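Colleague: Below are the sequence and a predicted model for it; my questions follow.
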Amino acid sequence: MRSDNVTKGVERAPNRSLFYALGYTKEELERPLIGVVCSYNEIVPGHMNLDKIAEAVKAGVRAAGGTPVEFPAIAVCDGIAMGHIGMKYSLVTRDLIADSTEAMAIAHQFDGLVMIPNCDKNVPGLLMAAARVNIPTIFCSGGPMLAGRLNDGRRSCLSHMFEAVGAYKAGKLDEAGVEDYENNACPSCGSCSGMYTANSMNCLTEAIGMGLRGNGTIPAVWSARLRLAKHAGMQIIELVKKDIKPRDIMTPAAFHNAEAVDMALGCSTNTMLHLPAIAHECGIELDLDMSNEISSKTPNLCHLAPAGDTYMEDLEGAGGVYAVMKELTKKGLLDTSVMTCTGKTLEENLEGVVNRNPEIIRPVENPYSADGGIAVLKGNLAPEGCVVKRSAVAPEMMAHTGPARVFDSEEEAITAIYAGKIVPGDVVVIRYEGPKGGPGMREMLNPTSAIVGMGLGESVALITDGRFSGATRGAAIGHVCPEAAQGGPIAFVEEGDIISIDISACKIEVQVDEATLAQRKAKWVCPEPKVKTGYLARYAKLVTSASRGAVLE
């Protein structure tokens, strides 16, 4: 076993003495040492229950004959970080999480790992670490939040809460109405209840083969979540015995499966950052063009919030991610020969799975749309591409042409939106918010929610080199590449330029001739970096384009 490097032989007596100092026994050191990477903290609602998940995982490890050893990973609450400088520190934690987990796992020579994440950057960060370290690993997330219920009985969620602020600013909702959302939109611990980034990534751990059935959908407060954790703890011992490693599971075919499930579920646009970054750690390159190819063949089967009025607990009741995958196999859209963390192939895992609610998970014969939930657009405004959650766009905004309203920061844009300076037909452009320019590529949930909440969601588009929360809906187009700070064309857009968007055709253009754009580029001077010291400054120097997953070099 790998742990022999720290537990066996006279030469390792000093190492063993330190284990004994921790209270471990000789018998425990003769069993597989399993690192339990727990992201528990007291600031993220999706992580406040992870101490209980960790205890259940450790019980499962012990029951199967292993010795669990817990250590922490950090996590940021994107909702609390939203709308201020804190959001610059969200995406960048993905690499901190991967790096620190790599360091802990290799320094202590664990035989296997159980990852316990839940929220947005925590899941991909630990998947990146799993690929990098490449020892037997399984994921057991904390589970989604239950849907909220307002005083009038309507169900609700975090995206409605943000949109309520926009409604208040537009005079459509009073303070008592805002307080109703505030008190009732988020009723329990767990990752926020719609198909936002955290739940998207937790669902994709199942699709890619790194999590057991239900990992993405069993609610955080259900006892079934603790049983799942115990089974994950037991299963890691089987993976160690069979020496099944993450790169045996996360193959090119597995990533193609994950992208197909992504399109069927209508996941967050952030998956277009995270899947390429995880694949990169596996030595696999995913490009955005492949995403469009998969999307063109994959029907969108689910409309969970923010695209619709159903929630994660509804998806679980309908059969969860496995039921979605079962539907996709009817059209041969998945490679079912791939290995998974169950020690079985996907085909074996899907035996006997049924879709229990065709209203929640549409059959492949009756999809919401024939193509997937995410589209990659290209054109002279985004030569390397940009992304939109097509499934959450109003039909009348699938094609839109209008004048650019240009802002060099999120703060400038939200001030103009709240002041009523954005009118139907406009195209809001927010730039210098990309991975380098931000730095950190902030989410733009505040401006997108303000647009929807103020009643402009069916008449105003928003384009940015930043990114969006999974809770964003409407014609919100992010990840514009190259970003403004790298001299991408979005830097040369001027107030009033006409921008045309055709989501169905996957095109985005600024209607300015190439000669004029070249003249503007020749005069352009890159602004001074917004942050010049600390981790963000180092990150800005190392980070690559969003089209490559914003990986570090």
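Modeller: Received, thanks.
Colleague: Now do the SS call for Leu334.
Modeller: State at Leu334, reduced to three classes by DSSP: H, G, I helix; E, B strand; the rest coil: coil.
Colleague: hmm, I was thinking of Gly402
Modeller: Three-state call for Gly402 (three-state DSSP): strand.
Colleague: is it true that it touches Ala461?
Modeller: Yes. At 6.9 Å, Gly402 counts as touching Ala461 under the criterion of CB atoms under 8 Å. From N, CA and C alone the C-beta is placed, and that goes for glycine too.
Colleague: Now for those two: what residues contact both?
Modeller: Counting by CB atoms under 8 Å, 6 or more residues apart in numbering, the contacts common to Gly402 and Ala461 are Asp426, Val427, Ile499.
Colleague: Considering those residues, which possesses the most neighbours?
Modeller: Highest neighbour count within the shared contacts of Gly402 and Ala461, by other CB atoms under 10 Å: Val427, with 26 neighbours.
Colleague: how many neighbours does the closest residue to Leu445 other than its chain neighbours have?
Modeller: Nearest in space to Leu445, with sequence neighbours left out and distances taken as CB to CB, 6 or more residues apart in numbering, is Ser469 at 3.9 Å. Burial measure for Ser469: 30 neighbouring residues, criterion other CB under 10 Å.
Colleague: Just confirm Ser469 contacts Asp78, I think it does.
Modeller: Yes. Contact criterion CB under 8 Å: Ser469 and Asp78 qualify, at 6.4 Å.
Colleague: doesn't Val36 fall inside a strand?
Modeller: Yes. Counting by three-state DSSP, Val36 is part of a strand.
Colleague: My read is that it contacts Glu55, right?
Modeller: No. Using CB under 8 Å as the test, Val36 is too far from Glu55 to be in contact (9.5 Å).
Colleague: ok, these two, which is more surrounded?
Modeller: The residue with more neighbours, out of Val36 and Glu55, is Val36; 25 against 18, by other CB under 10 Å.
Colleague: gap between the more buried one and Arg155?
Modeller: According to CB to CB, to the nearest Å, Val36 stands 35 Å off from Arg155.
Colleague: Which residues are in contact with Ile97?
Modeller: Applying CB under 8 Å, 6+ apart to Ile97 gives the contacts Ala73, Ile74, Ala75, Lys121, Asn122, Gly125, Leu126, Met128, Ala129.
Colleague: Filter these down to the buried ones and hand me the PyMOL line.
Modeller: For the buried members of the contacts of Ile97, the matching PyMOL selection, counting by 16 or more other CB atoms under 10 Å, is:
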select buried, resi 73+75+121+122+125+126+128+129
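Colleague: Could you grab the helix/strand/coil label for Met128?
Modeller: Taking three-state DSSP as the rule, one finds Met128 in the helix state.
Colleague: Can you give me the pLDDT of it?
Modeller: Per-residue pLDDT puts Met128 at 98.
Colleague: Isn't it up against Ile278?
Modeller: Yes. Contact status for Met128 versus Ile278: in contact at 5.5 Å, counting by CB under 8 Å.
Colleague: How about the secondary structure of the closest residue to Ala305 other than its chain neighbours?
Modeller: Excluding its sequence neighbours, the residue lying closest to Ala305 (CB to CB, 6+ apart) is Gly194, at 3.2 Å. Secondary structure state of Gly194, per three-state DSSP, is coil.
Colleague: Grab the longest helix from this structure for me.
Modeller: Ordering each helix of the chain by length in residues (DSSP state H) puts helix 223-242 first.
Colleague: as a whole number, average confidence for the helix or strand Asp314 falls within?
Modeller: If you go by DSSP states H and E, Asp314 is part of helix 312-318. Regarding helix 312-318, the rounded mean pLDDT is 98.
Colleague: before we move on, back to that, using JSON lines, lay out the contacts of Ile97 together with distance to Asn270.
Modeller: Shown next, in JSON lines, are the contacts of Ile97 (distance: CB to CB, whole Å):
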{"residue": "Ala73", "distance to Asn270": "18"}
{"residue": "Ile74", "distance to Asn270": "18"}
{"residue": "Ala75", "distance to Asn270": "15"}
{"residue": "Lys121", "distance to Asn270": "9"}
{"residue": "Asn122", "distance to Asn270": "12"}
{"residue": "Gly125", "distance to Asn270": "12"}
{"residue": "Leu126", "distance to Asn270": "15"}
{"residue": "Met128", "distance to Asn270": "14"}
{"residue": "Ala129", "distance to Asn270": "18"}
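Colleague: Tell me where the stretch 151-300 of the chain has helices.
Modeller: Taking DSSP state H, counting those that start in this stretch as the test, the helices found in the stretch 151-300 of the chain are 158-169, 175-184, 197-207, 223-242, 246-249, 252-265, 271-281, 288-297.
Colleague: Give me the contacts around the helix or strand in which Ala515 is found.
Modeller: Per DSSP H and E: Ala515 is located in helix 514-523. Contacting residues not belonging to helix 514-523 are listed as Asn380, Gly487, Pro489, Ala491, Phe492, Glu494, Val510 [CB under 8 Å, 6+ apart].
Colleague: wait, doesn't the second one sit right on Cys526?
Modeller: In this case it means Gly487. Yes. Gly487 is in contact with Cys526 according to CB under 8 Å; the separation is 6.9 Å.
Colleague: Overlap in contacts, these two.
Modeller: Shared contacts of Gly487 and Cys526, defined by CB under 8 Å, 6+ apart, are absent.
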